[in-house]
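Peer 1: The following comprises the amino acid sequence and a computationally predicted model.
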Amino acid sequence: MAKIPVAVVGASGYGGVQLVRLILGHPYLELVYLGGDSSAGQEFADIYPHLGHQLHCVVEPVDAQVIARKAQVVFLSLPNGVAPGLVPDLLAQGCQVFDLSADYRFRDMQIYQTWYGIERTDGAVAAKAVYGLPELYRESLVNATLVGCPGCYPTASLLALAPLLRQGLVAWDSIVIDAKSGTSGGGRQAKTHLLLAEADNSISAYGVGRHRHRPEIEQVCGDLAGQPVKVQFTPHLVPMVRGILATVYAQVRDPGLTTEDLLLIYQAFYRGKPWVRVLPPGVYPHTKWAWGTNMCYLGLELDPHTDRVIVISAIDNLLKGQAGQAVQCLNISRGWPETTGLPQLSFYP
Ligand SMILES: NC(=O)C1=CN([C@@H]2O[C@H](COP(=O)(O)OP(=O)(O)OC[C@H]3O[C@@H](n4cnc5c(N)ncnc54)[C@H](OP(=O)(O)O)[C@@H]3O)[C@@H](O)[C@H]2O)C=CC1
Ligand SMILES: CC(=O)N[C@@H](CCC(=O)OP(=O)(O)O)C(=O)O
């Protein structure tokens, strides 16, 4: 089979470099274009020398016409608000687009505009986008032309919650998500709070009661529950580079349920889904287990003292939480095995 030509826009960023790494190892893809902004004109190998022996390519200024002439598949790994300037043109010229930002994740454009503070005029295009969480929206991804890939916190949280919501096992208003992220979740741009001197030896909450991933999580929870769901979501920055650990709490409706019952329900829900691993009783995931992989690990417990279920979810924010999931979506959209070209084993220890 001839390899499919692929563009990565935002190649100098953390999501971009993960995409480059994955595409170089993917049997059906060929990297033909790297795009960027301040890095345009630079050799990619000067930005990421550890990939220099694999790739001799200059980062180009972003131009939809040039991209569409070279590539059939386009990954956009850009700050929020940039993709809408490219996507309508790319789609019109026949490209298949996977956007890693929040720009194509929301069905209700008003919610996006409120939370992101960005005016949009491409509502008709956005309405056609598929939410790229394959474990929940697999059928819609087949032959999809525009995929809005989820955020890292929503991926970890929603995979933890999905079986509970789909089967109506918990009180809708009882969900609390306490999540921790490594600093790469903030991207590669210089930001004071991500300096080693600020972030090291310290854990802090941020966006308390107002983080923009809350409405994204609630959109999907609503799909699963078949009715609106409100969640309490608190993210934390922790002194590590990669990983998300989300601990999710919810009140079970039937106090007769046990941990063993729930584990059986989770195992059945994720059977045949290669990127989610439900752990045995009493085992709870470490973020290191997911390092460098596209895996999501889930461990859970039902606490009979409070009748709350506690689900712990671990992913690598740059892979299952970002670039890896985008490649998983591409695999599904093209009918390839969804594990194609994606790492399964962690670098740990
Ligand atoms: N980091 C994470 O864990 C996750 C991030 N995301 C989302 O993915 C997207 C990318 O994130 P991340 O990789 O962390 O970001 P980075 O800040 O690391 O990279 C951003 C990239 O966008 C490029 N860029 C910025 N402005 C423009 C522009 N106007 N035109 C063209 N290119 C531009 C930069 O290029 P240059 O260097 O040349 O200026 C850089 O390559 C974001 O929307 C983020 O919210 C989603 C899930 C997880
Ligand atoms: C640690 C850290 O800063 N994490 C980022 C999450 C990145 C992300 O997924 O953001 P988008 O939804 O905009 O794509 C944050 O909380 O803003």
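Peer 2: Sure thing, it's come through. Residues are numbered from 1 along each chain as shown. Ligands and ions are numbered 1, 2, ... in the order given.

Peer 1: can you pull out the helices in the protein?
Peer 2: Ranges of helices in the chain, per DSSP state H, are 14-24, 44-47, 64-70, 87-92, 109-116, 123-126, 134-141, 152-166, 196-199, 213-225, 259-269, 287-290, 323-333.

Peer 1: Adding mean pLDDT and mean neighbour count, write these out as a markdown table.
Peer 2: Yep, even glycine has a C-beta here, placed from its N, CA and C like the rest. Shown next, in a markdown table, are the helices of the chain (pLDDT from 0 to 100; neighbours: other C-beta atoms under 10 Å):
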| stretch | mean pLDDT | mean neighbour count |
| --- | --- | --- |
| helix 14-24 | 98 | 24 |
| helix 44-47 | 96 | 18 |
| helix 64-70 | 98 | 16 |
| helix 87-92 | 98 | 18 |
| helix 109-116 | 97 | 16 |
| helix 123-126 | 96 | 16 |
| helix 134-141 | 98 | 17 |
| helix 152-166 | 98 | 26 |
| helix 196-199 | 97 | 13 |
| helix 213-225 | 98 | 21 |
| helix 259-269 | 98 | 16 |
| helix 287-290 | 98 | 22 |
| helix 323-333 | 98 | 25 |
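
Peer 1: Make TSV from these and add distance to Ala2 to it.
Peer 2: Compiled in TSV, the helices of the chain are given as follows (distance: least, C-beta to C-beta, whole Å):
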stretch	distance to Ala2
helix 14-24	15
helix 44-47	24
helix 64-70	15
helix 87-92	21
helix 109-116	37
helix 123-126	29
helix 134-141	22
helix 152-166	32
helix 196-199	45
helix 213-225	36
helix 259-269	37
helix 287-290	33
helix 323-333	16
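
Peer 1: nearest spatial neighbour of the closest residue to ligand 2 within the stretch 1-150 of the chain, skipping sequence neighbours?
Peer 2: Going by C-beta to the nearest ligand atom, ligand 2 is nearest to Ala102 of the stretch 1-150 of the chain, at 4.3 Å. Sequence neighbours aside, Asn80 is the residue nearest to Ala102 in space, at 5.1 Å (criterion: C-beta to C-beta, 6 or more residues apart in numbering).

Peer 1: burial of the one you found, as a residue count?
Peer 2: Number of residues near Asn80 (other C-beta atoms under 10 Å) recorded here: 17.

Peer 1: ditto for Val231
Peer 2: Neighbours around Val231, by other C-beta under 10 Å: 20.
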